[in-house]
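1. would you be able to build a 3D model of this:
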Amino acid sequence: MKIAQITGALEEFAPLDLQDDFDNSGIQVGDISQTLTGILVCLDVTEEVLEEAIELDCNLIISHHPLLFKPLRTLTGKTYIERCVVKACKNDLVVYSAHTNLDNASGGVNFLLAEKIGLQNIRFLKPTGNGGSGAVGELVAAEEEESFLQRIKTIFQLENLQHSPFTGKMIREVALCGGSGAFLIHEAIEQGADVFLTGEARYNDYYNVEDRILLAVVGHYESEHYTKELFFDIISKKIPNFAVHFSKVNTNPVNYM
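-> Numbering: from 1, shown residues only. Below you'll find the model as predicted:
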């Protein structure tokens, strides 16, 4: 099997034309005409992840966040990005990323998060033709705000969670967007959601929601680490018996004391 067959399956599920203008999803490094030896899925590409792929004899690394957002002007190894590119090339590795195209695809990252929370009637929060941004759905039964947030902490394996002041309302309609999703807060309010869950928000966002909606922020990495499961599901439907390795490297650059 060629690597191109796997990247083709990913693009069939999440076409590259669904990605946002700022993004750079797709092939980052390498020759996809190579024969596939193994697959390592991860959230971010780091030197440690590349070493892990080499040790596991995986010549395809699939990440959510692109290694390359901007063109390289030099390739001297001064930055971790340059060093990753050099290491990948030296070891004949292919690095492929599915970022906002996977976020914006039907059944993509945000739909997976909605399923994890237990939402029903899941749909795009902001539809855009054959894709869209965020997701919204309903809980089977309404929950109190504190109880809902405690459950979110468990689902996303959080030690702490940031949120705006409680509104005093029950939670039934839930809107969400993994990663940097605060740009959708207004849409969540317009659709009458009781809570908006995302990975990042600005300080003033907590003020601006007032009592119209509960804002819950779990962290960028934490909101997207289930993406590896989505990659696994897409690939398993293409090649059911092929081993897909989940990276064991914690690539979250945010540390807590």
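2. part of a helix, is residue 132?
-> No: with DSSP: H, G, I helix; E, B strand; the rest coil as the criterion, residue 132 is strand rather than part of a helix.
3. okay, it and residue 3: tell me how far apart.
-> Remark: distance between residue 132 and residue 3 (C-beta to C-beta, to the nearest Å) = 29 Å. For glycine as for every other residue, the C-beta is placed from the backbone atoms N, C-alpha and C.
4. of the two, who's got more company?
-> Using other C-beta atoms under 10 Å, the more surrounded residue of residue 132 and residue 3 is residue 3, with 22 against 19.
5. so what's the closest residue to the more buried one other than its chain neighbours up against?
-> Leaving aside its chain neighbours, residue 3 sits nearest to residue 32 (4.4 Å; criterion: C-beta to C-beta, 6 or more residues apart in numbering). Shown in contact with residue 32 (C-beta atoms under 8 Å, 6 or more residues apart in numbering): 2-4, 7, 94, 96.
6. buried among these? Make that a ChimeraX selection.
-> The buried residues among these can be selected in ChimeraX (16 or more other C-beta atoms under 10 Å) with this line:
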select :3,7,94,96
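7. now, which of the contacts of residue 32 lie within strands?
-> Per DSSP state E, strands hold the following members of the contacts of residue 32: 94, 96.
8. tell me the one of the contacts of residue 32 nearest residue 116?
-> Closest approach to residue 116 among the contacts of residue 32 (C-beta to C-beta): residue 96, at 24.4 Å.
9. could you check the pLDDT of the closest one?
-> Residue 96 carries a pLDDT score of 98 in this model.
10. so which strand or helix has the residue nearest to residue 3?
-> Using DSSP states H and E, residue 32 maps to neither a helix nor a strand.
11. leaving out chain neighbours, which residue sits closest to the residue most central in space within the chain?
-> When C-alpha atoms, centre = their mean is applied to the chain, the residue found nearest the centroid is residue 224 (3.8 Å). Of all residues not flanking residue 224 in the chain, residue 178 sits nearest, at 4.8 Å (C-beta to C-beta, 6+ apart).
12. how far does the strand or helix carrying residue 61 sit from the chain's center?
-> According to DSSP H and E, residue 61 maps onto strand 60-63. Taking the mean of its C-alpha atoms, strand 60-63 sits 14 Å from the chain's own mean (C-alpha atoms, centre = their mean, to the nearest Å).
13. partner strands of that strand, with direction?
-> Taking DSSP bridges as the criterion, strand 60-63 pairs within the sheet with strand 39-42 (parallel), strand 94-97 (parallel).
14. so which elements touch whichever helix or strand comes after that strand?
-> Later in the chain than strand 60-63, the nearest helix or strand by DSSP H and E is helix 80-90. Helices and strands touching helix 80-90, by 3 or more C-beta pairs under 8 Å, 6 or more residues apart in numbering; DSSP states H and E, are strand 26-29, helix 47-55, strand 94-97.
15. can you say which of those is nearest to residue 85?
-> That would be, of these and by C-beta to C-beta, strand 26-29, which comes in at 5.6 Å.
16. distance from the centroid: which residue in this protein tops it?
-> Going by C-alpha atoms, centre = their mean, the residue of the chain most distant from its centre is residue 168, 30.6 Å out.
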